[in-house]
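Undergrad: Dropping the sequence and predicted coords here.
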Amino acid sequence: MTVRSFRELVERRGDELTDRIFITAPETGVSLTFGRYRRAVMQFAALLEGKGVERGERVAVVLSNGLNAAIAMLGVMSAGGVAVPVNPKLKGPEIAWLLNHSGARLVVTDLLHQSSLAGAGLGDKPATVDGCEKDNPYALYPVSRFEAKRAGQGDRLLPARDDTAMILYTSGTTGHPKGVILSHGNLLSNAGHVSEAHRLTSADVALCVLPLFHINGFVFTLLAPLLSGSAVVMPGRFHVERFWHWVRDHRVTWFSAVPTILSLLLSHAGPAPADIESVRFARSASAPLPVAVLEEFEHRFGIPVIETYGISEAAGQVTANPLPPLVRKPGSAGLPAGNELAVVDEDGSRLPAGSLGEVVLRGDNIFCGYLANPEADREALQEGWYHTGDLGYLDEDGYVFLTGRKKELINRSGEKISPREVEEIIHRLPEVEEVGVVGLPHRLYGEEVAAFVMLRQGRYLEAETVRQFCRKHLAGFKVPREVLFIDEFPKGPSGKIQRRRLVDVYQQITSLQEKEKRA
């Protein structure tokens, strides 16, 4: 299907698949057909137009997953506005910075999340759109209220493929996040790539447990099903105890996850129900998937895991392993999926198979630039290619293997160490649920390797056991000098471990240990 904008997509799907179920909230059992979803989105777009939202105007959306969020996001875009999704777990000052930087004039929320806006300094920003029933914290603009209104009429210019549809803020390694500018064309292109790579059809049912304020949840498990005419089951959030019940009860055929979710399902969910044979595959994205986790998940649940590689600046998916029976390579992020990919050296020259370098991309899905950040644009966008900052190599078959971020390499006495290589080894220990490896400042070596380990429930492990295991599989300079056990990892909204904060965790632990020694 070729469409120019999300308004056109929503309208065409609503007209062609009027009575087919599109989206379901499993907690309440409420479902919307494509026809009802179309009416709700268009009514919300008309409401925004009535609030004075014009083409290209930015509207912040502060909502958790659910029918409201799915309606609001597409409603903003269908009105010609620019959606600025905001994590409702952010604190007031953090939201204030995003609102000010994005220039959002309007904020869409509900009573459940209005407290998130406390301290956000809305100031002279026009009204927060809440429209809530005072006795219902989940009500935004219920579907019944949408359908009771008449859609706005007028000669407004419809959104075009090159118009900005979304500004998505990514958590940077330093300082404030960067606003990634994505057009209707960028997002539609990637949704098409996802649908093609995973062979989505109208018979599919996706389970969306990743937040819509992140590219993974929004493109893969909302836009791709909408484009392919398939269905979505969208709970308010991931819940490890309910996960397999949702899969069973709604005959889910695929789901998108991050490695943390797969690890939690292995550690906490117990055996899966017997009748989950509807699932064709699980996809993993947003962070490297340890081979040990992939293999254990497939063995335990009998579900093929498709490892992929995606980034916000590419509107989502970049590469994907093929579906069975084609070759999937554990440890690889797969083959380019709809865009062109190369590995280059420091001078920008292409490298042959097997040579390590920086991954660069180009294609219709690549973003338009960063909001108000020309320096970042110059660094990232060079001669038609997007420089990802990710290190990796291509094998002889064209499969991509990622080894880490350029900025995350550990430099120990001139030896460059990939954190992922060390993490893969430690993940082989059956007691380990998650691991993060970073470089700590060291007086003699410049940096020293440190491993932060979270154990599975009820398991025990000695730091020296970890080091001994690493010595069997790694060169001596790669073996972690420090091994620290923690209960929880600091993570961003995509579920990716925030390595820079692990250094702070180390300092907190060592400071506490020093105080205990002096006591």
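TA: Good, I have the coordinates.
Undergrad: What separation is there between G331 and W385?
TA: Separation of G331 from W385 (C-beta to C-beta, to the nearest Å): 25 Å. Any C-beta I mention is one placed from the backbone N, CA and C, and that applies to glycine too.
Undergrad: what about those two, which has more around it?
TA: Higher neighbour count among G331 and W385: W385, with 18 against 15, using other C-beta atoms under 10 Å.
Undergrad: Let me see the contact set for that one.
TA: By C-beta atoms under 8 Å, 6 or more residues apart in numbering, the contact list for W385 reads 342, 344, 348, 360-362.
Undergrad: S102 too?
TA: Shown in contact with S102 (C-beta under 8 Å, 6+ apart): 58, 60, 84, 167, 169, 179, 371.
Undergrad: go on, N365?
TA: 186-187, 189-190, 193, 314-316, 338-339 are the contacts of N365 under C-beta under 8 Å, 6+ apart.
Undergrad: Tell me the pLDDT of L210.
TA: We have a pLDDT of 96 for L210.
Undergrad: actually H101, not the one I wrote
TA: So H101 comes in at 96 (pLDDT).
Undergrad: quick one on the thing from earlier: most neighbours out of the contacts of N365, which is it?
TA: Ranked by neighbour count (other C-beta under 10 Å), the contacts of N365 have A315 at the top, with 33 neighbours.
Undergrad: With M166 as the reference, measure out to it.
TA: Distance from A315 to M166, by C-beta to C-beta: 9 Å.
Undergrad: repeat for P322
TA: As for P322, its distance to M166 is 29 Å (criterion: C-beta to C-beta).
Undergrad: hmm, back to that, so for A315 and M166, which residues contact both of them?
TA: Between them, A315 and M166 share the contacting residues 182, 187, judged by C-beta under 8 Å, 6+ apart.
Undergrad: ok, H214 touching K491?
TA: No. With contact defined as C-beta atoms under 8 Å, H214 does not count as touching K491 (11.6 Å).
Undergrad: Please say which of these two ends up with more neighbours.
TA: Between H214 and K491, counted using other C-beta under 10 Å, the more crowded position is H214 (23 against 17).
Undergrad: picking that back up, with neighbour numbers in mind, choose between P322 and M166.
TA: The residue with more neighbours, out of P322 and M166, is M166; 29 against 17, by other C-beta under 10 Å.
Undergrad: okay but P273 is in contact with R248, surely?
TA: Yes. Look at P273 against R248 with C-beta under 8 Å: they come within range, at 4.8 Å.
Undergrad: Now do the end-to-end distance for stretch 312-324.
TA: Stretch 312-324 stretches 27 Å from its first residue to its last (C-alpha to C-alpha, to the nearest Å).
Undergrad: What segments of the stretch 201-350 of the chain are strands?
TA: Here the stretch 201-350 of the chain has its strands, by DSSP state E, counting those that start in this stretch, at 205-208, 231-233, 254-257, 281-284, 305-311, 316-320, 335-336, 340-344.
Undergrad: now for the first one, which elements pack on it?
TA: For strand 205-208, the packing partners by 3 or more C-beta pairs under 8 Å, 6 or more residues apart in numbering; DSSP states H and E come out as strand 231-233, helix 243-249, strand 254-257.
Undergrad: which of the ones you listed sits most buried?
TA: With neighbours taken as mean count of other C-beta atoms under 10 Å, the helices and strands packed on strand 205-208 reach their highest mean count in strand 254-257, at a mean of 26.
Undergrad: ok now that strand, how far from the chain's centre?
TA: The chain centroid and the centroid of strand 254-257 are separated by 12 Å, computed with C-alpha atoms, centre = their mean, to the nearest Å.
Undergrad: again, but for stretch 71-87
TA: A distance of 17 Å separates the centroid of the chain from that of stretch 71-87, by C-alpha atoms, centre = their mean.
Undergrad: Could you do stretch 26-44 as well?
TA: 24 Å.
Undergrad: any idea which of the contacts of N365 is closest to T18?
TA: Closest approach between these and T18, by C-beta to C-beta: L187, at 24.0 Å.
Undergrad: So which of the helices and strands packed on strand 205-208 is nearest A197?
TA: Nearest to A197, of all these, is strand 254-257, at 11.6 Å by C-beta to C-beta.
Undergrad: which other residues reach the closest one?
TA: 198, 200, 204-210, 216-217, 220-221, 247, 279-285.
Undergrad: Alpha carbons of it, in PDB - could you do that?
TA: This file holds the C-alpha atoms of strand 254-257, laid out as PDB (Å, rounded to 0.1, in the frame of the first residue of the first chain):
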ATOM      1  CA  TRP A 254       4.200 -12.300  17.200                       C
ATOM      2  CA  PHE A 255       5.600  -9.800  19.600                       C
ATOM      3  CA  SER A 256       8.400  -7.300  19.800                       C
ATOM      4  CA  ALA A 257      10.600  -7.100  22.900                       C
END
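Undergrad: Return the list of strands paired to that strand, each annotated with direction.
TA: Paired with strand 254-257 in the same sheet, following DSSP bridges, are strand 205-208 (parallel), strand 281-284 (parallel).
Undergrad: quick one: contacts for the closest residue to G398 other than its chain neighbours?
TA: Closest residue to G398 apart from its sequence neighbours, by C-beta to C-beta, 6 or more residues apart in numbering: L335 at 5.7 Å. Each residue near L335 by C-beta under 8 Å, 6+ apart is listed here: 319-322, 398-400.
Undergrad: P322 now?
TA: Here P322 is in contact with 197, 306, 328, 334-335 (C-beta under 8 Å, 6+ apart).
Undergrad: ok, now which ones touch A285?
TA: So A285 contacts 216, 220, 256-258, 307-310, 317 (C-beta under 8 Å, 6+ apart).
Undergrad: which of those lies closest to A292?
TA: Using C-beta to C-beta, the contacts of A285 come closest to A292 at E307, 12.8 Å.
Undergrad: Can you report how many residues neighbour the closest one?
TA: Applying other C-beta under 10 Å, we find 24 residues neighbouring E307.
Undergrad: And the pLDDT at it?
TA: E307 carries a pLDDT score of 98 in this model.
Undergrad: so where's the longest helix in the protein?
TA: Secondary structure of the chain read by DSSP state H shows that its longest helix is helix 499-518.
Undergrad: which residues are contacting it?
TA: Where contact means C-beta under 8 Å, 6+ apart, the residues beyond helix 499-518 that reach it are 173-174, 408, 419, 436, 438, 440, 450, 452, 482, 484, 486, 489-490.
Undergrad: Next step: these restricted to strands.
TA: If you go by DSSP state E, these have 436, 438, 440, 450, 452, 482, 484 in strands.
Undergrad: residues contacting the fourth one?
TA: Residues counted as contacts of A450 (C-beta under 8 Å, 6+ apart) are 437-440, 480-484, 502, 506.
Undergrad: which one among the residues you listed gets closest to F238?
TA: Nearest to F238 among these: L502, at 23.0 Å, using C-beta to C-beta.
Undergrad: How many residues are close by that closest one?
TA: L502 - counted by other C-beta under 10 Å - has 22 other residues nearby.
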